[in-house]
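Enquirer: My questions concern the predicted model and sequence given below.
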2 protein chains.
Amino acid sequence: MELLNGKDWELLISNIDNFLFDCDGVLWEGNTIIPGGVEAITYLKSRNKRIFFVTNNSTKSRVEYVKKFTTLGYPVEFEQIICTAFATGYYMKNVLNFEGKAYLMGRPGFKQELNELGINTSKVGPDLTSGELDAWSSIPLDPDITGVIVGFDEYFNYKKMTLAATYLSDPNCKFIATNEDNILPTGTKVILPGSGSLLEAVKFVSQREPVVIGKPHSPIFECLKSMANIDQDRTVMVGDRLGTDIAFGNRNGLKTVLTLSGVTSREQLDKELAKPASECKPKFYTNSLQTLTKEM
Amino acid sequence: MELLNGKDWELLISNIDNFLFDCDGVLWEGNTIIPGGVEAITYLKSRNKRIFFVTNNSTKSRVEYVKKFTTLGYPVEFEQIICTAFATGYYMKNVLNFEGKAYLMGRPGFKQELNELGINTSKVGPDLTSGELDAWSSIPLDPDITGVIVGFDEYFNYKKMTLAATYLSDPNCKFIATNEDNILPTGTKVILPGSGSLLEAVKFVSQREPVVIGKPHSPIFECLKSMANIDQDRTVMVGDRLGTDIAFGNRNGLKTVLTLSGVTSREQLDKELAKPASECKPKFYTNSLQTLTKEM
């Protein structure tokens, strides 16, 4: 594993056609841009490289992501965005041939993305716990539900867990999750649960394992391949998470660059590197995208 | 493992001083009595046996349990009830010497039990998600919190997960959970998450392991021993869950009786018995407490 300086970066660029970037912790943190990000993307674009943004974050549709990129000053095209909202819809439509209706834990953008891809879903948003616990045994169920999707949902609660678990007690009910990230990066001392944390609760109550769409799992890579002819030898994954971004790159035969601008500290990286066998060891690392453009 | 008939039961009774009964799935299901329960308890009482009710269910205080037992026709004394609400307070006070204030996921009876034992806690009940996700990074925190307790809470939601995870990011913050049961028995097709399912979410987001008070873990046994001088050779645990009741009995050197009136099916029992090594194999089993009293 090597520290990537400006010269290495140039060498890497000359051997790479496809750049896959994670977003949270690489390009931005919350609504704050990570310095050097725009310059790095703009430079690669000027070199005619193909760029995709591959994110596990399920809070937004592709349309919403275009707005976010543009607001923060990142050049972007709709087709470059491979988010789990889109990849989940792609998987359900083209791999699962899903029919019926999905019970969805997710935000409005996720629902919109799924609906536009032809996947029928439940409503999203607040659905409050009410009444005595004894009344819960007769909670109304939607007989059309044939699948449960767990994505990020800040309205996640006991009632939604109950509904998901009850639908999943039918072994024919499909179980799909966007990703397994335990937290969202906030840049403050507040720990915001990621959808992986909601998923753990649903897995445990239902005693079932979902198909997971996001990195490091394969469905999001299959979705990417449907968008572009990817030569894996000439593709790099740039991300801030060892267990998702780097494992995803290694599993799929891509080059990998870890950036320390997100959730992974230098200490955590060293700990991972000390393990005898791990699929989470990056080929290169950098402190942030800024380091690369500054040194060029 | 033997099917317990009336004759065996009589023999067992003559060799046993202390009877520990689980409640949900043994004495009742929801608010419905399981036939034969009252007769069995009344008979053991007439034989001057010591009886304790040892339940992982954290939804009620001891006072509330006395009411429930009495309403359903079970003879009971306050001192016979070893519920996780009480055992958690006992552990925090006498083992942990807990000072400060606990952030509590639980119901009002649990809070009352803890407060009466001198453990200061946060409020319980609804605490709703509100506002844009971006505002969450500045969610108000209580600086007095020095511990997090996860029990059953039908108002469990994303906000409570966020608060628990943020408090637990301080390694000095204590982490205590009542039990790991994944569901509550309902007797209907609705799957109600047990507090173990809420706990999985909090464990995953915080990446921490709690001290678990309830069966099969030791804190609830220590609490029981503080109430009565227990000769383990002359004590039996009667319950409906292999992983909690039966493992608890086996770990503590007690006789064990599984009743099939609750969450465990005959097929699940056979599967467990077929395993070469398991701490969840009961010494005896019965279809319900009714079988015992009917055959006497």
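Expert: Here it is on my side, so go on.

Enquirer: Can you name the residues of the stretch 1-150 of chain A sitting close to chain B?
Expert: Within the stretch 1-150 of chain A, the residues that sit near chain B (CB under 8 Å from any CB of the partner chain) are A:30-31, A:59, A:126, A:128-129, A:133-134, A:136-139, A:141. Yep, even glycine has a C-beta here, placed from its N, CA and C like the rest.

Enquirer: make it 7 Å
Expert: By CB under 7 Å from any CB of the partner chain, the part of the stretch 1-150 of chain A that sits against chain B consists of A:30-31, A:129, A:133-134, A:136-137, A:139.

Enquirer: Got phi/psi on the residue in the stretch 1-150 of chain A positioned nearest to chain B?
Expert: Distances between the stretch 1-150 of chain A and chain B by CB to the nearest CB are smallest at residue A:137, namely 4.4 Å. Residue A:137 has phi and psi values of phi -60, psi -20 when expressed as degrees, to the nearest 10.

Enquirer: Do you know the pLDDT at it?
Expert: Per-residue confidence at residue A:137 stands at 79 (pLDDT).

Enquirer: so it sits right up against residue B:188, yeah?
Expert: Yes - using CB atoms under 7 Å, residue A:137 makes contact with residue B:188 at a distance of 4.4 Å.

Enquirer: Common neighbours of these two, please.
Expert: Counting by CB atoms under 7 Å, 6 or more residues apart in numbering or on different chains, no residue touches both residue A:137 and residue B:188.

Enquirer: how about the nearest residue to residue A:51 once chain neighbours are set aside, what does it touch?
Expert: Spatial nearest neighbour of residue A:51, excluding adjacent residues (CB to CB, 6 or more residues apart in numbering or on different chains): residue A:19 at 4.9 Å. Shown in contact with residue A:19 (CB under 7 Å, 6+ apart): A:44, A:49, A:51, A:236, A:238.

Enquirer: Quick check: the farthest pair among those?
Expert: Pairwise distances across the contacts of residue A:19 (CB to CB) peak at 11.9 Å, for the pair A:49 and A:238.

Enquirer: Low-confidence stretches in chain A?
Expert: Within chain A, the ranges that satisfy pLDDT under 70 run A:130-131, A:294-296.

Enquirer: can you list the domain ranges for it.
Expert: Per the record, chain A has its domains at A:2-56+A:216-295, A:97-212, by automatic domain parsing.

Enquirer: For my notes, please list those in CSV and give distance to residue B:184 for each entry.
Expert: Formatted as CSV, the domains of chain A follow (distance: least, CB to CB, whole Å):
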stretch, distance to residue B:184
domain A:2-56+A:216-295, 32
domain A:97-212, 8
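
Enquirer: how about the residues of the stretch 151-296 of chain A near chain B?
Expert: Counting by CB under 7 Å from any CB, the stretch 151-296 of chain A sits next to chain B at A:154-158, A:161-162, A:165-166, A:169, A:182-183, A:186, A:188-193, A:196-198, A:200-201, A:204-205, A:207.

Enquirer: Report the contact partners of the most far-flung residue of chain A relative to its centre.
Expert: Using CA atoms, centre = their mean, the residue of chain A lying farthest from its centre is residue A:134. It sits 38.0 Å away. Neighbouring residues of residue A:134 by CB under 7 Å, 6+ apart: B:30-31.
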